[in-house]
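Colleague: No letters, just coordinates:
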């Protein structure tokens with residue numbers, strides 16, 4: 001069976017090896033040639049290709065992005081995008097550029113650092129989850145609010161060398177102003193891992209930010225994932241809390257790796273998920289079975305999620321739901337039951353012009369046929385976020401609720417009363433490839 005680079009906001013690094021097709025030549029400018037290649041490739045591979053207008057005048061669109069936006073199936077497609085081949089490949093192995101941090105709002109719209117990558121400019125400057133951002137470039141946060149209710153912090157693109165100033169209120173009440181310069185860095189996916197003793201049980205806690213593969217490994221996998229799972233095995237974890245609240249997606253191969261660590265040995269060999277392409281490509285529909293890794297043996301898993309939990313995060317949840325009890329705490333997930341693989345290798349014009357086309361090309365379903373969760377997975381217990389507390393701090397409401405569930409089998413009404421629906425989240429600040437890996 002031939003394989004693709006599958007993406008669910010993500011990539012399955014195993015694409016068919018084939019020669020790119022020649023695009024029909026047209027007596028147009030190179031810019032129009034690229035637009036025609038985008039349209040032709042979409043007609044062949046796009047999951048909803050039957051929804052593309054029969055007649056499309058590519059000369060009416062001022063940019064490639066405008067063309068793509070004009071032909072996608074908007075009722076369901078919030079995900080297709082264009083980027084460069086380098087940016088695409090780098091993102092899925094964690095080669096980033098920027099300051100290297102995320103953010104989250106509290107119920108009263110105070111803005112906090114939610115995570116920091118260790119080797120990023122922010123990480124090297126000592127920034128921590130729980131620092132409150134009170135000014136950016138000398139202006140209060142409220143001044144960046146837009147008419148739509150979101151925020152535009154005007155930090156510039158991810159290009160190295162861009163400088164911004166941030167004023168923080170630290171947990172001890174003091175303030176500090178830091179000037180930070182964007183740079184290239186290698187991001188980490190594991191933000192925290194530890195063991196709690198709860199009711200006589202060893203409970204693992206794993207904060208996982210994105211499904212990134214380790215560059216150079218074949219088959220594609222993550223050494224961070226391997227190290228974490230071996231840690232939980234060595235500690236004798238009897239339960240596991242997986243914190244995906246800021247995880248927008250990543251590599252499908254890594255999602256499979258995680259699923260294979262978490263599935264019970266008794267279910268090894270059974271169906272993990274299926275892929276369905278458009279009618280023109282139905283001969284390439286495929287399925288993936290579990291292949292147990294390690295000796296972790298859980299009868300249930302607790303996931304901490306938010307609306308910023310998307311794509312590969314949802315794939316793992318959906319993969320495991322038929323085989324064990326899955327409890328979701330926090331907020332509903334984003335809702336992305338479809339995925340993509342990059343298409344430039346099927347078009348010489350796109351390759352030559354360094355245009356990576358990444359539209360929706362397939363849909364997934366679990367062993368029970370669960371497929372169309374465009375509204376996301378609903379939380380079993382809705383609990384407010386607590387970005388003001390460090391990772392692993394029991395004062396973090398969502399972590400506290402997960403620990404309470406393990407101890408009592410329920411989440412108290414007091415915890416439920418903390419729930420609020422953020423008007424704007426980090427996933428809202430980005431589009432396309434950056435929405436897969438949202439960070440400033």
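Modeller: Done, it's in. Remember, it's a predicted structure, so these values are computed and weren't measured experimentally.
Colleague: Quick one: end-to-end length of stretch 55-74, please.
Modeller: 17 Å (C-alpha to C-alpha, to the nearest Å).
Colleague: Other residues contacting it?
Modeller: Residues lying outside stretch 55-74 but in contact with it, judged by C-beta atoms under 8 Å, 6 or more residues apart in numbering, are 32, 34-36, 38-39, 42, 46, 48, 51-53, 80-82, 355, 357, 359-360. Bear in mind the C-beta positions are built from the backbone N, C-alpha and C, glycine included.
Colleague: can we see that at 7 Å?
Modeller: 32, 34-36, 38-39, 42, 48, 51-53, 80, 82, 355 (C-beta atoms under 7 Å, 6 or more residues apart in numbering).
Colleague: of those, buried ones?
Modeller: Buried members of the contacts of stretch 55-74, scored by 16 or more other C-beta atoms under 10 Å, are 34-36, 38-39, 42, 48, 80, 82, 355.
Colleague: would you list those residues in CSV and tack on distance to residue 170?
Modeller: Formatted as CSV, these follow (distance: C-beta to C-beta, whole Å):
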residue, distance to residue 170
34, 49
35, 50
36, 55
38, 48
39, 52
42, 49
48, 49
80, 41
82, 40
355, 44
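Colleague: so of the residues you listed, which ones are in helices?
Modeller: 34-36, 38-39, 42 (DSSP state H).
Colleague: Test my guess that residue 91 contacts residue 437.
Modeller: Yes: here residue 91 reaches residue 437: they are 5.4 Å apart, a contact under C-beta atoms under 7 Å.
Colleague: What segments of the stretch 151-300 of the chain are helices?
Modeller: 223-234, 252-262 (DSSP state H, counting those that start in this stretch).
Colleague: Residue 395 is nearest to which of those?
Modeller: helix 223-234 (23.2 Å; C-beta to C-beta).
Colleague: and residue 113, which of the three is it?
Modeller: Three-state assignment for residue 113 (DSSP: H, G, I helix; E, B strand; the rest coil): strand.
Colleague: Tell me who's in contact with it.
Modeller: With contacts defined as C-beta under 7 Å, 6+ apart, residue 113 is in contact with 101, 103, 127-131, 133.
Colleague: switch to 8 Å and redo it
Modeller: Residue 113 neighbours (C-beta under 8 Å, 6+ apart): 101-103, 122, 127-131, 133, 168, 387.
Colleague: which one is it nearest to, not counting chain neighbours?
Modeller: Distances taken as C-beta to C-beta, 6 or more residues apart in numbering put residue 131 closest to residue 113, at 4.7 Å, once the chain neighbours are dropped.
Colleague: For residue 289, state which of the contacts of stretch 55-74 is nearest.
Modeller: Using C-beta to C-beta, the contacts of stretch 55-74 come closest to residue 289 at residue 48, 27.9 Å.
Colleague: quick revisit: what's the most buried one of the helices of the stretch 151-300 of the chain?
Modeller: Most buried of the helices of the stretch 151-300 of the chain by mean neighbour count (mean count of other C-beta atoms under 10 Å) is helix 252-262; its value is a mean of 25.
Colleague: relative orientation of that helix and helix 223-234 in degrees?
Modeller: Orientation check (axes from the mean of the first three to the mean of the last three C-alpha atoms, to 10 degrees): helix 252-262 against helix 223-234 gives 10 degrees.
Colleague: For the residue nearest to residue 113, give me the pLDDT.
Modeller: The per-residue pLDDT reported for residue 131 equals 98.
Colleague: dump the residue contacts of it.
Modeller: Shown in contact with residue 131 (C-beta under 8 Å, 6+ apart): 112-113, 168-171.
Colleague: For it, give me phi and psi.
Modeller: Residue 131 adopts backbone torsions of phi -80, psi 130, taken as degrees, to the nearest 10.
Colleague: Could you do residue 62 as well?
Modeller: According to degrees, to the nearest 10, residue 62 has phi -80, psi -20.
Colleague: now the strands for the stretch 51-200 of the chain?
Modeller: 81-83, 95-98, 101-105, 111-116, 132-136, 139-140, 163-169, 175-181, 183-186, 190-198 (DSSP state E, counting those that start in this stretch).
Colleague: Nearest to residue 381 among those strands would be which one?
Modeller: Closest among these, using C-beta to C-beta: strand 190-198, at 16.4 Å.
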